[in-house]
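Peer 1: the following comprises the amino acid sequence and a computationally predicted model.
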Amino acid sequence: MNEPTRASVGFRSERGPILIALMLTTGLVAIDSTILATAVPSIVQDLGGFAQFPWLFSVYLLAQAVSVPVYAKLADTVGRKPIVLIGIALFLIGSVLCGFAWSMPALIAFRAIQGLGAGAIQPMSMTIAGDIYTVAERAKTQGYLASVWAISSVVGPTLGGVFSQFLSWRWIFFVNVPLCLLAAWMLIRTFHESIERRKHRIDYAGAALLTGGMTLLILAVLEGGQAWAWDSVWSIGSFALGGALLVAFVLVERKAAEPVLPLWVFSRRLLVTTTLISLGVGAILIGLTSYVPTYLEGTTGAAPIVSGLAVAALTLGWPIAASLSGRFYLRIGFRNTALLGTVIAIVGASTLALTSLTPSVLFVAVSCFVVGLGMGLIAAPTLIAAQSSVPWNERGVVTGSNMFARSIGSAVGVAVFGAIANAIIGSSAAGAHDAATIQAASTAVFVAVAVAAVLTIVAGLAMPRSRVEDVELGRAQAAAE
């Protein structure tokens, strides 16, 4: 295998314009995930509905998560380009509607449309990168794509604050319009794929059952202990009906000619373990990004921009490690690289939990940076290993499953960490406005994040000991079957 040069992956290479297009496309989701939080006070002041504003995030996450498997299967059927363009179109429509929203319920509904667009954009960007780059080149490519998140973690909150303070919160959605048009134009102009045209049987029943079942389960997890009690009729009913729909989904998929989520995904050890690792990555990520700002602002009095920059240290370490991960997995294999990353993440999360008793912006930023380094060595190699083990017509499903697992990990993490924090806050007479209570609740969440990192290393230990050559051989055998 020839060692790839920087030029073969960089902006000036033949595939450079496609890489730029993928980065622009990824930037749509990355900026949107960070720009909204700083504008929430302005939105609530204008539209009202303070009790409903968490749904601005929940409904987006829900729509994104449940649509990923459907888009992934369609991408393996009709190609990546049509699906990512549909995602950009939905994201554009949702953004325009959000900008003109007249009430909080309307804004929440339009955020769901944005989420449906994001469900296609993020996994398709990863899948296209997997199509056009070799295994050795892909780590560096992941570094480029991860750097978009690092930049967005700083640019997003800054833009949100500027628009809310000097213009209007509506511009946080209108700014997506030129970005969507530019990303779509770049993809149309630079990315060309040849698809074998043949008749396909779309698995409508499977798609409906999977979407309905996962919607109910994720809804039950997100809102349990928040909108309703865990032992309420709504909670039990959502879990029961969601579970029943997923059982029906499995039965349908066993007989479907072209299942939307093939059951073979769960029969291959490498794919199962990398999916479980992605669950852990999602939980760790949401635990830090959700609670670090509250912890710093509540205990040290840090300004929102300062707490945001502390979290940004995580997304700074991530692309640095992701871009270097190729050197590791080419030498020591995918499994050992992921295990190394998990150990680093455990060190960072444990340090955060221990130092949270003495609040410090510096300690938090350093801990987040270390966790980010670990995440870069976990997420990139495991995704690349999964992608590289299958041929083109299965790569969309595999990438989608990985992204889907990360979304589920975040959804479950929100519920678990929220329940832990709310239990401590609820038992305190001072409530959520007391610095000591916030510190205790945040410390408990950080401990839970460290536990999630430990559980992730268990999944890493179960990964097969595969080198790059082994994974590529497995893909060749799968394509021949």
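Peer 2: It's in.

Peer 1: any regions of the stretch 301-450 of the chain where pLDDT drops low?
Peer 2: 304-305, 308, 392-393, 428-433 (pLDDT under 70).

Peer 1: how much space between the nearest residue in space to Gly115 that is not next to it in sequence and Ala441?
Peer 2: Leaving aside its sequence neighbours, Gly115 sits nearest to Ala63 (Cβ to Cβ, 6 or more residues apart in numbering; 3.0 Å). In short, each C-beta sits where N, CA and C put it, glycine included. Distance, Ala63 to Ala441, by Cβ to Cβ, to the nearest Å: 29 Å.

Peer 1: and the residue nearest to Gly115, how far from Pro105?
Peer 2: Applying Cβ to Cβ to Ala63 and Pro105 gives a distance of 15 Å.

Peer 1: these two - which one has more neighbours?
Peer 2: Ranked by neighbour count (other Cβ atoms under 10 Å), Ala63 and Pro105 place Ala63 first, with 24 against 13.

Peer 1: which other helices and strands contact the host helix or strand of the more buried one?
Peer 2: Using DSSP states H and E, the element containing Ala63 is helix 55-78. Helices and strands touching helix 55-78, as assessed by 3 or more Cβ pairs under 8 Å, 6 or more residues apart in numbering; DSSP states H and E, comprise helix 80-99, helix 104-132, helix 204-223, helix 392-427.

Peer 1: nearest to Trp171 among those would be which one?
Peer 2: helix 80-99 (7.5 Å; Cβ to Cβ).

Peer 1: now do the buried residues in that closest one.
Peer 2: For helix 80-99, the neighbour count (16 or more other Cβ atoms under 10 Å) marks 80-88, 90-99 as buried.

Peer 1: you'd agree Leu357 is up against Gln439?
Peer 2: Yes - using Cβ atoms under 8 Å, Leu357 is in contact with Gln439, at 7.5 Å.

Peer 1: the more surrounded of the two?
Peer 2: Gln439 (19 against 9).

Peer 1: that one sits in which helix or strand?
Peer 2: helix 435-461.

Peer 1: quick one: that helix to helix 392-427, angle?
Peer 2: 150 degrees (axes from the mean of the first three to the mean of the last three Cα atoms, to 10 degrees).

Peer 1: what is the burial count for Thr289?
Peer 2: 20.

Peer 1: nearest residue to it in space, please, no chain neighbours.
Peer 2: Val311 (5.5 Å).

Peer 1: what about the one you found, distance to Phe91?
Peer 2: Taking Cβ to Cβ, one finds Val311 at 24 Å from Phe91.

Peer 1: can you tell me the SS state at Cys259?
Peer 2: Wrong residue type there; residue 259 is Pro, not Cys. coil (DSSP: H, G, I helix; E, B strand; the rest coil).

Peer 1: how many neighbours does it have?
Peer 2: Neighbour tally, Pro259, other Cβ under 10 Å: 23.

Peer 1: re the thing from before, and the helix holding Gln439, what does it pack against?
Peer 2: Looks like helix 435-461 contacts helix 269-299, helix 334-355, helix 361-388, helix 392-427 (3+ Cβ pairs under 8 Å, 6+ apart).

Peer 1: Leu182: which of the ones you listed is closest?
Peer 2: helix 392-427 (23.3 Å).

Peer 1: for the closest residue to Glu253 other than its chain neighbours, give me its contacts.
Peer 2: Excluding its sequence neighbours, the residue lying closest to Glu253 (Cβ to Cβ, 6+ apart) is Pro259, at 4.2 Å. Pro259 sits next to Lys73, Asp203, Gly206, Val252, Glu253 when contact means Cβ atoms under 8 Å, 6 or more residues apart in numbering.

Peer 1: Arg395 versus Pro259, what's the distance?
Peer 2: 16 Å.

Peer 1: with Leu85 instead?
Peer 2: 18 Å.

Peer 1: deepest-packed of the helices and strands packed on helix 435-461, please.
Peer 2: helix 361-388 (a mean of 25; mean count of other Cβ atoms under 10 Å).

Peer 1: what packs against it?
Peer 2: Against helix 361-388 (3+ Cβ pairs under 8 Å, 6+ apart) you get helix 104-132, helix 135-166, helix 269-299, helix 304-332, helix 334-355, helix 392-427, helix 435-461, helix 468-480.

Peer 1: what's the distance between it and the middle of its chain?
Peer 2: From the chain centre to the centre of helix 361-388 is a distance of 13 Å (Cα atoms, centre = their mean, to the nearest Å).

Peer 1: got the angle for it vs helix 392-427?
Peer 2: 150 degrees.

Peer 1: ok, residues contacting stretch 106-122?
Peer 2: With Cβ under 8 Å, 6+ apart, stretch 106-122 has contacts from 25-26, 28-29, 32, 43, 47, 52, 55-56, 59-68, 71, 83-84, 86-95, 97-98, 101, 403.

Peer 1: report the buried residues of that stretch.
Peer 2: 107-122.

Peer 1: for Arg406, which non-adjacent residue is closest in space?
Peer 2: Gly282 (3.9 Å).

Peer 1: and the one you found, how far is that from Ile408?
Peer 2: 7 Å.

Peer 1: for the helices and strands packed on helix 55-78, which one sits closest to Phe174?
Peer 2: Using Cβ to Cβ, the nearest of those to Phe174 is helix 80-99, at 4.6 Å.

Peer 1: what is the closest one packed up against?
Peer 2: helix 16-35, helix 55-78, helix 104-132, helix 171-174, helix 176-190.

Peer 1: now do the shortest one, average pLDDT.
Peer 2: Mean pLDDT, taken over the full extent of helix 171-174, equals 85.

Peer 1: by contact count, what packs against that helix?
Peer 2: Packed next to helix 171-174, using 3+ Cβ pairs under 8 Å, 6+ apart, are helix 80-99, helix 135-166.

Peer 1: please produce a markdown table containing these, extended by distance to Ile420 and mean pLDDT.
Peer 2: Listed next are the helices and strands packed on helix 171-174 as a markdown table, based on distance: least, Cβ to Cβ, whole Å; pLDDT from 0 to 100:
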| stretch | distance to Ile420 | mean pLDDT |
| --- | --- | --- |
| helix 80-99 | 31 | 90 |
| helix 135-166 | 25 | 71 |
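
Peer 1: do you know which of those lies nearest Ala240?
Peer 2: helix 80-99 (31.0 Å).

Peer 1: now do that closest one against helix 392-427, angle only.
Peer 2: Going by the same axes, to 10 degrees, helix 80-99 makes 30 degrees with helix 392-427.

Peer 1: quick one: helix 80-99 to helix 104-132, angle?
Peer 2: 160 degrees.

Peer 1: give me the angle between helix 80-99 and helix 55-78.
Peer 2: Using the same axes, to 10 degrees: helix 80-99 against helix 55-78 is 160 degrees.

Peer 1: rewinding a little: alpha carbons of the helix holding Ala63, in CSV - could you do that?
Peer 2: Presented in CSV, the C-alpha positions along helix 55-78 are these (Å, rounded to 0.1, in the frame of the first residue of the first chain):
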residue,chain,number,x,y,z
TRP,A,55,-38.4,20.7,22.6
LEU,A,56,-36.4,22.9,20.1
PHE,A,57,-33.5,20.5,20.7
SER,A,58,-35.4,17.3,21.5
VAL,A,59,-37.6,17.3,18.3
TYR,A,60,-34.6,18.1,16.1
LEU,A,61,-32.6,15.2,17.7
LEU,A,62,-35.6,12.9,17.4
ALA,A,63,-36.3,13.7,13.7
GLN,A,64,-32.6,13.3,12.9
ALA,A,65,-32.2,10.0,14.7
VAL,A,66,-35.2,8.2,13.3
SER,A,67,-34.6,9.3,9.7
VAL,A,68,-31.0,8.2,9.5
PRO,A,69,-31.6,4.4,8.8
VAL,A,70,-34.1,5.2,6.1
TYR,A,71,-31.8,7.7,4.3
ALA,A,72,-28.9,5.2,4.7
LYS,A,73,-30.8,2.4,2.9
LEU,A,74,-32.0,4.8,0.1
ALA,A,75,-28.4,5.9,-0.4
ASP,A,76,-27.3,2.3,-1.1
THR,A,77,-30.2,2.0,-3.5
VAL,A,78,-30.3,5.3,-5.5
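
Peer 1: understood, closing this out.
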